[in-house]
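# 3D model of this:
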Amino acid sequence: MSNQIAVTTDYIKGLTPLEVLQDKNIGQHFVNKFMAVYRTSNDHAVAYYEREIDNFTKRVNESEELAACTPMSLFVALMQVGGWKLSFEGGSQPDVYLIPGNRNIGTKDNPVWIKEAIAQPSPYGEKKIRVETGQVKHAGSPIVVYDCDTYTESVKDGRTMVEWTKGKRTPESRIVGGFILLEYPDGTREFKTFDMQDVSSWEKASTKKNKGKTNVLYGYEWQGSGQSARLVKPEGGQIDKKFFEGKILKHAFKLFPRVITNQTLPENFVPSVESAIRQGFDTSEFTEDVSHEELPEQEQDDFDAALNEAKSESAPLTVTINQSNDPEEPTF
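Residues are numbered from 1 along each chain as shown. Got it, this is the predicted structure:
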């Protein structure tokens with residue numbers, strides 16, 4: 001005997017943002033979907049959900065902007081991150097960006113703005129997915145090279161190899177490049193390397209795709225105030241180290257097949273600039289010219305369907321809660 005509780009769009013919209021993170025029906029839906037997609041046990045799915053709902057709640061509570069976002073956008077973010085099997089845990093290398101912003105659901109002449117949150121895999125989250133799916137056996141930490149370091153490149157059996165020794169860093173030390181070690185499933189290894197010409201091309205692509213707005217993390221700062229404020233690159237300005245590390249990771253995989261359906265920002269969505277910069281989020285990452293091979297349709301990850309379902313605002317999301325005295329009976 002079971003009772004079905006339909007978690008519809010109206011049901012979700014009737015909750016407050018924080019209630020979405022505490023609602024038992026939504027939690028049960030998440031657990032059921034996770035078990036179905038990843039063929040895992042109920043205990044494992046529940047443990048994952050409880051850990052990540054705590055991480056999610058912490059990030060929302062730490063941000064007034066996130067706490068003001070629509071319940072539906074928080075629900076979709078929760079389902080997406082579960083589908084990617086990533087973590088909401090914060091820190092300097094988070095798996096996902098959790099960006100608040102405003103979206104116009106009206107017209108250009110009669111705008112109606114609502115506050116929403118979006119979740120996007122960070123380069124570190126993408127790395128986890130590629131290891132999980134077997135594209136790479138291991139990906140090392142991205143290394144930023146300074147002019148005081150000892151660094152040489154060579155080619156062995158057609159693969160780039162690197163020798164690097166960290167030098168004594170000072171505030172005057174200049175970034176000159178970066179690299180990362182990739183190990184493939186067959187045991188072979190190679191380094192992906194990047195220099196300042198690469199950084200320059202990323203900066204140009206970012207500025208172009210962001211409609212002429214340069215990301216300050218490329219070494220810029222605001223000067224002036226009000227209408228006269230403008231972005232300038234001061235003498236000695238250079239790409240932010242943490243931002244560069246993320247870019248190294250992202251571009252190291254540019255010739256690999258996609259592991260996430262093409263990432264685009266929601267139409268008419270304007271990210272919160274302050275929050276985006278703080279997290280190292282670059283909107284050009286979702287439009288810039290980074291080549292990827294397309295996976296054949298039959299190889300798309302199973303959770304794509306789950307994410308499409310989560311994004312649908314018309315289809316009811318049904319949770320079945322079993323009323324049984326048998327603790328071993330699955331709860332779906």
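# What are the boundaries of the strands in the stretch 201-332 of the chain?
With strands called from DSSP state E, counting those that start in this stretch, the stretch 201-332 of the chain shows them at 221-223, 230-232, 269-271, 317-322.
# and if you look at the stretch 1-150 of the chain?
So, for the stretch 1-150 of the chain - with DSSP E, counting those that start in this stretch - the strands run 2-7, 96-104, 113-121, 138-139, 143-146, 150-156.
# Quick one: the ones you listed as CSV, columns for mean pLDDT and mean neighbour count too.
No exception for glycine: its C-beta is placed from N, CA and C like everyone else's. Compiled in CSV, the strands of the stretch 1-150 of the chain are given as follows (pLDDT from 0 to 100; neighbours: other Cβ atoms under 10 Å):
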stretch, mean pLDDT, mean neighbour count
strand 2-7, 57, 12
strand 96-104, 91, 21
strand 113-121, 92, 21
strand 138-139, 94, 17
strand 143-146, 97, 20
strand 150-156, 94, 11
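# Which one of those strands lies nearest to L255?
Closest of the strands of the stretch 1-150 of the chain to L255 is strand 138-139, at 14.0 Å (criterion: Cβ to Cβ).
# and the closest one, what does it pack onto?
helix 123-132, strand 175-183 (3 or more Cβ pairs under 8 Å, 6 or more residues apart in numbering; DSSP states H and E).
# Please name whichever of those is nearest to S272.
Between the helices and strands packed on strand 138-139, helix 123-132 lies closest to S272; by Cβ to Cβ that is 19.8 Å.
# Send me that closest one as CSV with only the CA atoms.
C-alpha atoms of helix 123-132 as CSV (Å, rounded to 0.1, in the frame of the first residue of the first chain):
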residue,chain,number,x,y,z
PRO,A,123,36.5,22.9,-14.3
TYR,A,124,37.2,20.9,-11.1
GLY,A,125,33.7,19.3,-11.4
GLU,A,126,34.2,18.6,-15.0
LYS,A,127,37.5,16.9,-14.1
LYS,A,128,35.7,14.6,-11.7
ILE,A,129,33.1,13.7,-14.3
ARG,A,130,35.8,12.8,-16.9
VAL,A,131,37.6,10.5,-14.4
GLU,A,132,34.2,9.0,-13.4
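# mean pLDDT for the strands of the stretch 201-332 of the chain: which is lowest?
Lowest mean pLDDT within the strands of the stretch 201-332 of the chain: strand 317-322, a mean of 33.
# just to revisit the earlier point, just put the strands of the stretch 1-150 of the chain in a markdown table and tack on distance to S200.
Shown next, in a markdown table, are the strands of the stretch 1-150 of the chain (distance: least, Cβ to Cβ, whole Å):
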| stretch | distance to S200 |
| --- | --- |
| strand 2-7 | 49 |
| strand 96-104 | 24 |
| strand 113-121 | 25 |
| strand 138-139 | 25 |
| strand 143-146 | 16 |
| strand 150-156 | 19 |
